[in-house]
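1. Below is the structure, and that's it, no one-letter string:
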């Protein structure tokens, strides 16, 4: 899908009202997409809808809990009736979970809380939006937000890391299965950013743990801010989306470093052919 093809398409962004999702929503609007901002925070979603409208873009805010398939399916219907069929799906909503106990000590409730959003939310998005995308026969693209944790596991992050590895694997399978329908699949793997996940201070702890793990893996850390600017990454995201049409999912891994210099080096170790 090239840059020109993005213009005029309908995009659905989960977790689209804040953090990385907010920047994705803005970036897609700026290249001419009609954007559905799906989020559990109705006020923030509405605020962004108004902002995009003032900039002559088209947007709609939708309350959507991605852990509930019925809500995601209802959102698909609402967007289709307003803008037409969605051909750009961004499964971005996620929760952090912070630095916690060892995997064997994590409670069932904690596992479920992270899995319900980070993994089931992606699955629900795929189930609700991809079949209509195939039926429309107009091609499209699916972007699943994983994490730098998809290839850099760290102690104390078992639920989060497990879901992000799963999202990367699911994306590889999905890319192979959807190729015949001219639907591309990309995996967005952000490093640490100043988003809502940082509200309880866990983000800074995760960044420190990731740095230690990268060092143990023999990866050189480039000094500087390890916490990225979302605005600075927006243009990079647009460029990647406009050029990500390779067959191999490993060449469609989008890295938003978040100022964490090890991101690309870790990617090179696990996905040596990635751009």
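-> That came through fine. What you see is a predicted model, and the numbers here were worked out from it, not measured in a lab. Numbers count the residues shown, from 1 in each chain.
2. contacts and neighbour counts: CA atoms only from here.
-> Noted.
3. And the residue lying closest to residue 99 once chain neighbours are set aside, how far from residue 116?
-> In space, and not counting its chain neighbours, residue 99 is closest to residue 156: 5.1 Å by C-alpha to C-alpha, 6 or more residues apart in numbering. Using C-alpha to C-alpha, to the nearest Å, we find residue 156 at a distance of 19 Å from residue 116.
4. Then residue 57?
-> For residue 57, the distance to residue 116 - C-alpha to C-alpha - is 32 Å.
5. swap in residue 34?
-> For residue 34, the distance to residue 116 - C-alpha to C-alpha - is 28 Å.
6. The two - which one has more neighbours?
-> Between residue 34 and residue 116, counted using other C-alpha atoms under 10 Å, residue 34 has the larger neighbour count: 28 against 21.
7. who touches that one in this structure?
-> By C-alpha atoms under 8 Å, 6 or more residues apart in numbering, the contact set of residue 34 is 8-11, 28, 57-59, 83.
8. just the buried members of these?
-> Buried members of the contacts of residue 34, scored by 16 or more other C-alpha atoms under 10 Å, are 9-11, 28, 57-59, 83.
9. Can you add secondary structure, pLDDT and distance to residue 68 and give those residues back as JSON lines?
-> Output for these, formatted as JSON lines (DSSP: H, G, I helix; E, B strand; the rest coil; pLDDT from 0 to 100; distance: C-alpha to C-alpha, whole Å):
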{"residue": "9", "secondary structure": "coil", "pLDDT": "95", "distance to residue 68": "25"}
{"residue": "10", "secondary structure": "strand", "pLDDT": "97", "distance to residue 68": "22"}
{"residue": "11", "secondary structure": "strand", "pLDDT": "97", "distance to residue 68": "20"}
{"residue": "28", "secondary structure": "helix", "pLDDT": "92", "distance to residue 68": "25"}
{"residue": "57", "secondary structure": "coil", "pLDDT": "94", "distance to residue 68": "29"}
{"residue": "58", "secondary structure": "coil", "pLDDT": "97", "distance to residue 68": "26"}
{"residue": "59", "secondary structure": "strand", "pLDDT": "97", "distance to residue 68": "23"}
{"residue": "83", "secondary structure": "helix", "pLDDT": "97", "distance to residue 68": "23"}
